[in-house]
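Chemist: the following comprises the amino acid sequence and a computationally predicted model.
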Protein chains: 2
Amino acid sequence: MSPRKSVERELTREMIMNAARDLFTTKGYEHVSMRQIANILGCSHGAIYYHFKNKAELFFALVEDHFKMLNSILDDIMKQELDNREKLRQIFVGYIRFGLTYQSHYEIMFLIKDDEVKNFINQEPNHTYDNFAKSVYSLCEWKKVTLQDVWSIFLSLHGFVTHYCRHVVGFDDVKDMAYRHADFLLRAIE
Amino acid sequence: MSPRKSVERELTREMIMNAARDLFTTKGYEHVSMRQIANILGCSHGAIYYHFKNKAELFFALVEDHFKMLNSILDDIMKQELDNREKLRQIFVGYIRFGLTYQSHYEIMFLIKDDEVKNFINQEPNHTYDNFAKSVYSLCEWKKVTLQDVWSIFLSLHGFVTHYCRHVVGFDDVKDMAYRHADFLLRAIE
DNA sequence: TATTTAATTGAACAGTGGTCAATAAGGAGG
DNA sequence: CCTCCTTATTGACCACTGTTCAATTAAATA
């Protein structure tokens, strides 16, 4: 019979997100329940709904951070002193490295099929893709590369990540293959 | 009070699969419940468990057919009277068409994360990929194409299907893009 | 006709996401 | 110190899920 905790134990969005991050990252969205999260936090599942409208919104709050991370990875590569071809290679491989290093985050970002979650995620992936596309496009302006080609490249990198996400291997396990995949894609636009 | 139906209304695996196929195809694995299937069949949900161990097994029974279907789609294209380049194009697009026509089955075939379903699937995807790889490889022997390239092509097609599976569009909605993606991949091996 | 077997039912169980009245802690004003 | 009010929390409740299983009965067999 304690309908409210003392102030030093009050729940924050931050606390909920930290508890949820671990669970979502290890178990995946569908296999984590609000009651499990509440259990770790030592509160009731109802309390979470005071801070987040629903499971999907809680999830989305986490995902936003990961989009930013991917963007900054790509930006860093753009700033490096490399010729355009090598930069492209690094961007391709960098994308794959990100996807396989943060597999469940990637899953959240690009593989979620839950309708409710999907409603939250709309602009962010597009914004990230725009960033990717702009970088790639600017690096091969001198070639006859169309926007459609850039999209094909993205889908092809996405396929690589997706496949090896399912087979749960780390980036290092497929590093060589990643570079060869990147070279394969480079050949298509040369 | 009718704990058993008369013989002409008896349930068969076939009947259950037919009812389930429609639901799974339109709504996706997770959004179909055993009770919904039972409802369409006019029986209790318990009855289905007499014919199938669980939901995953029922689904897998359907998926097996789809692996065969994909194989025969590729085989049919191989038998057509086309030059090698056009055959390749058709195989690429045929793969995409299959993936987007049977989205939730494709999901189960190549995107599964559910552990229970995964246990059922083991050899089938490999066999299907072997068939794909053999066809592609034989169609471009005259070029300098490696097995690694074939694998990259597969991953790239896989990425296309995966992406548009998530965004739930039909094949016709992205038909043009599919052909352009195929052309993009052809360029990589030319 | 009596007995066995096979197929079906529906209640029950433990779990899910989500809602909401009831409740109490903490701060504000007097 | 004592009200009053806002705010955060609880846990019962709802409708749903996949799955199990004793009870039941139609059909097949002897």
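Modeler: Yep, it's here. In this text the structure is predicted, and so the values were computed from the model without any measurement.
Chemist: show the average pLDDT along stretch A:38-57.
Modeler: Per-residue pLDDT values over stretch A:38-57 give a mean of 96.
Chemist: check which residues of it are buried.
Modeler: A:38, A:41, A:43, A:47, A:48, A:51, A:52, A:55, A:56 (16 or more other C-beta atoms under 10 Å in any protein chain shown). (C-beta placed from N, C-alpha, C; glycine too.)
Chemist: and the third one, what does it touch?
Modeler: Going back to what we said before, that points to residue A:43. Shown in contact with residue A:43 (C-beta atoms under 8 Å, 6 or more residues apart in numbering or on different chains): A:5, A:11.
Chemist: still on that earlier bit, of the buried residues of stretch A:38-57, which belong to strands?
Modeler: Secondary structure defined by DSSP state E assigns none of these to strands.
Chemist: need the max-distance pair from the residues you listed.
Modeler: A:43 and A:56 (19.7 Å; C-beta to C-beta).
Chemist: any idea which of the buried residues of stretch A:38-57 is closest to residue A:124?
Modeler: Closest to residue A:124, out of all of the buried residues of stretch A:38-57 and judged by C-beta to C-beta, is residue A:56, at 13.9 Å.
Chemist: contact partners of stretch A:179-190?
Modeler: A:85, A:88-89, A:92-93, A:96, A:140, A:143, A:145, A:149, A:152-153, A:156-157, A:160, B:148-149, B:152, B:155-156, B:184-185, B:187-189.
Chemist: are any of the residues you listed buried, and which?
Modeler: Buried among the contacts of stretch A:179-190 (16+ other C-beta under 10 Å): A:88-89, A:92-93, A:96, A:140, A:145, A:149, A:152-153, A:156-157, A:160, B:149, B:152, B:155-156, B:184-185, B:188-189.
Chemist: taking chain A, what residue is nearest to chain B?
Modeler: residue A:159 (2.4 Å; C-beta to the nearest C-beta).
Chemist: please report phi then psi for that residue.
Modeler: phi -60, psi -40 (degrees, to the nearest 10).
Chemist: residue B:49 versus the spatially closest residue to it that is not a sequence neighbour, what's the distance?
Modeler: Leaving aside its chain neighbours, residue A:159 sits nearest to residue B:159 (2.4 Å; criterion: C-beta to C-beta, 6 or more residues apart in numbering or on different chains). With the distance defined as C-beta to C-beta, to the nearest Å, residue B:159 ends up 37 Å from residue B:49.
Chemist: measure the most centrally placed residue in chain A to residue A:34 for me?
Modeler: In chain A, the centroid-proximal residue (C-alpha atoms, centre = their mean) is residue A:106; its distance is 3.4 Å. For residue A:106, the distance to residue A:34 equals 23 Å [C-beta to C-beta].
Chemist: equivalent analysis for residue A:103, please.
Modeler: 23 Å.
Chemist: same thing with residue A:56?
Modeler: For residue A:56, the distance to residue A:34 - C-beta to C-beta - is 11 Å.
Chemist: before we move on, what about residue A:108?
Modeler: Taking C-beta to C-beta, one finds residue A:108 at 17 Å from residue A:34.
Chemist: in terms of neighbours, single out the busier of those two.
Modeler: residue A:108 (22 against 19; other C-beta atoms under 10 Å in any protein chain shown).
Chemist: before we move on, back to that, so which of the buried residues of stretch A:38-57 are also by DNA strand D?
Modeler: A:38, A:43, A:47, A:51 (C-beta under 7 Å from any atom of the strand).
Chemist: closest one of these to DNA strand C?
Modeler: residue A:47 (8.0 Å; C-beta to the nearest atom of the strand).
Chemist: what residues are up against the closest one?
Modeler: A:11, A:38, A:41.
Chemist: for residue A:94, same thing?
Modeler: Residue A:94 touches A:73, A:74, A:77, counting by C-beta under 8 Å, 6+ apart.
Chemist: give the buried residues for whatever helix or strand the second one lives in.
Modeler: Pointing back at residue A:74 there. Following DSSP states H and E, one finds residue A:74 within helix A:55-79. Buried residues in helix A:55-79, counting neighbours by 16+ other C-beta under 10 Å, are found at A:55-56, A:58-63, A:66-67, A:70-71, A:73-74, A:77-78.
Chemist: so, low pLDDT: which residues of chain A?
Modeler: A:1-2, A:7-8, A:111-122, A:142, A:168 (pLDDT under 70).
Chemist: residues of it that sit close to chain B?
Modeler: A:28, A:30, A:110-113, A:118, A:148-149, A:151-152, A:155-160, A:162-163, A:166, A:177, A:180-181, A:184-185, A:187-189 (C-beta under 8 Å from any C-beta of the partner chain).
Chemist: in helices only, show me the residues you listed.
Modeler: Mapping the residues of chain A next to chain B onto helices (DSSP state H) picks out A:118, A:148-149, A:151-152, A:155-160, A:162-163, A:166, A:177, A:180-181, A:184-185, A:187-188.
Chemist: from residue A:31, how far off is the one residue in chain A that gets nearest to DNA strand D?
Modeler: Here the residue of chain A nearest DNA strand D is residue A:46; by C-beta to the nearest atom of the strand that distance is 2.1 Å. Here residue A:46 is placed at a distance of 21 Å from residue A:31 (C-beta to C-beta).
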